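# just a sequence and a predicted model for now, questions to come.
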Amino acid sequence: MFKIDRLRFGTAGIPISTPKPSTIAGIERVRELGLDAMELEFVRGINIKPELAKKIKHVAKKNDVVLTAHAPYYINLNAKEKEKVEASKRRIIQSAERLYEAGGWSLVFHAGYYLKQPPELVYERIKSELKDIEKELLDRGIKVWIRPELTGKPTQFGNLMELIRLSQDLELVLPAIDFAHAHARNKGKCNSEEEWREMLTLIEKELGREALDNMHIHISGIEYSDKGEKRHLNLQESDMRWEELLKTLKEFKVKGVVISESPNIEGDAILMKKKWEELKI
C-alpha cells in the first residue's frame, strides 16, 4: 500500500455541486474545491466497471486525489445463513478489487451484527471470514487496506477494541475510525479532547505509529438516542466538537484521509480542511 503524505480531506461520494455528476467529474470537482480525497460509494452496489476504473485511476493521479471506497451496506459476516456470509465476502472482495484497479488506498465496511450472540464468539467468526477475504486478496495481488468501521449502534459489531484486535490478527486490516459513530454508540460520550487522546493513544500503543500514519477517518455531525446512531447531521447543526477533534488529530500528527459524511458533504470537508490549515500546534 502506498503511504499518505499528510492528512487529506474529502467527500463521501461525488460532491453535490458537481455539474453532470459522474465519478470522474466528481474527482475533478474535488480538486476544484481545494480538497484532496474522495470516497467511492459502492453502498448500493459496485457501480464501476474495470475499464472505467483504469480511467478513474488516471484522473485521480493527475489531480492528486486519494481514493477510498465504502463497500455495500448489505454486509454481515456474522449472518446465520451461510449464503449471506458468502455474498458479504464477495461484496468486500469485489469492492477491494475495483478500488485497487482505480488506484485507491483503503476500503471501509460495516462488518456485521452481534445478533444477540456473545461478542467473543462473533469476533472469532468475523475474524475467520476476514482471514478468507485477506487470503484471496493477497493471492490475487490486490493490496488495499481492509477497514472494518467503528459502528454507530451497540447492536453492531465494531467497537474500538474489536477493531484493534482484528488489526493485530490480520495483515491487511486497520480500523476505520468514525468519530461521529463513536459519539453515538457511546450515547454522547467520545466528544472531548481527553477521550480522543485516549483513543489515539490506544491505537498507537497497540498498532504502532503506522496506524496513526494511515488513518481512514469519517467525521460528521450526528443525531443519536439511547440505541445509538439515528442520522448524520451537518457539523454546525450538531453537538460534535469537531474543531477540538481536529486539534487532537494534529497533536498526534495523524496522516491519512478524513471523509466528510455530513449531508452537505463538500461544505463540511472544506470547513474541516480550512480549520486544519489554520491550526498551529
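Yes, it's here. Numbering: from 1, shown residues only.

# so which other helices or strands are in contact with the helix or strand encompassing L166?
For L166, the host element (DSSP states H and E) is helix 160-169. Applying 3 or more CB pairs under 8 Å, 6 or more residues apart in numbering; DSSP states H and E, we find helix 160-169 packed against helix 119-139, strand 145-148, helix 193-207. Every C-beta, even on glycine, is put in place using the N, C-alpha and C of the backbone.

# buried deepest among those, which one?
Burial of the helices and strands packed on helix 160-169 is given as mean neighbour count (mean count of other CB atoms under 10 Å); strand 145-148 ranks first at a mean of 26.

# so for that one, mean pLDDT?
Averaged across strand 145-148, the pLDDT comes to 98.

# before we move on, the earlier item: which stretch among the helices and strands packed on helix 160-169 comes nearest K3?
Among the helices and strands packed on helix 160-169, the nearest to K3 by CB to CB is strand 145-148 (11.6 Å).

# using PDB, write out every CA atom in that closest one.
What follows is strand 145-148, C-alpha atoms only, in PDB (Å, rounded to 0.1, in the frame of the first residue of the first chain):
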ATOM      1  CA  TRP A 145      -6.300  -1.600   3.400                       C
ATOM      2  CA  ILE A 146      -9.400  -3.500   4.500                       C
ATOM      3  CA  ARG A 147     -11.100  -1.500   7.200                       C
ATOM      4  CA  PRO A 148     -14.000  -2.600   9.400                       C
END
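
# all helices of the chain, in order?
Using DSSP state H, the helices of the chain run over 23-32, 50-62, 82-101, 119-139, 160-169, 179-185, 193-207, 209-213, 242-251, 265-278.

# those into a markdown table, with extra columns for mean pLDDT and distance to I14?
Converted to a markdown table, those look like this (pLDDT from 0 to 100; distance: least, CB to CB, whole Å):
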| stretch | mean pLDDT | distance to I14 |
| --- | --- | --- |
| helix 23-32 | 98 | 3 |
| helix 50-62 | 97 | 12 |
| helix 82-101 | 98 | 16 |
| helix 119-139 | 98 | 26 |
| helix 160-169 | 98 | 28 |
| helix 179-185 | 97 | 21 |
| helix 193-207 | 98 | 30 |
| helix 209-213 | 97 | 28 |
| helix 242-251 | 98 | 23 |
| helix 265-278 | 98 | 9 |
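
# and R44, which of those is closest to it?
Closest among these, once you apply CB to CB, is helix 82-101, at 11.1 Å.

# which residues touch the closest one?
40, 42, 46, 48, 50, 53-54, 57, 67-69, 71-72, 74-79, 105, 107, 109, 112, 129, 132-133, 136-137, 140, 142-144, 146 (CB atoms under 8 Å, 6 or more residues apart in numbering).

# list buried residues within those.
40, 42, 46, 48, 53, 57, 67-69, 71-72, 75-79, 105, 107, 109, 112, 129, 133, 136-137, 142, 144, 146 (16 or more other CB atoms under 10 Å).

# the residues you listed in strands, which ones?
Under the assignment DSSP state E, these contribute L40, L67, T68, A69, L107, F109, I146 to strands.

# wait, what's in contact with the fourth one?
To tie it back to what came earlier, the one meant is A69. Neighbours of A69 in contact, by CB under 8 Å, 6+ apart: E39, L40, E41, F42, S95, R98, L99, G104, S106, L107, V108.

# nearest to I16, of these?
Closest to I16, out of all of the contacts of A69 and judged by CB to CB, is E41, at 12.6 Å.

# in terms of contact, does that closest one touch A12 like I think?
Yes: in terms of CB atoms under 8 Å, E41 counts as a neighbour of A12; the distance is 6.5 Å.

# compare those two (neighbour count), which wins?
A12 (24 against 18; other CB atoms under 10 Å).

# quick check: beta-bridge partners of that one?
E39 (DSSP bridges).

# which of the residues in the helix holding L166 are buried?
L160, E162, L163, I164, L166, S167.

# grab the nearest non-local neighbour of the fifth one.
Of all residues not flanking L166 in the chain, V173 sits nearest, at 5.0 Å (CB to CB, 6 or more residues apart in numbering).
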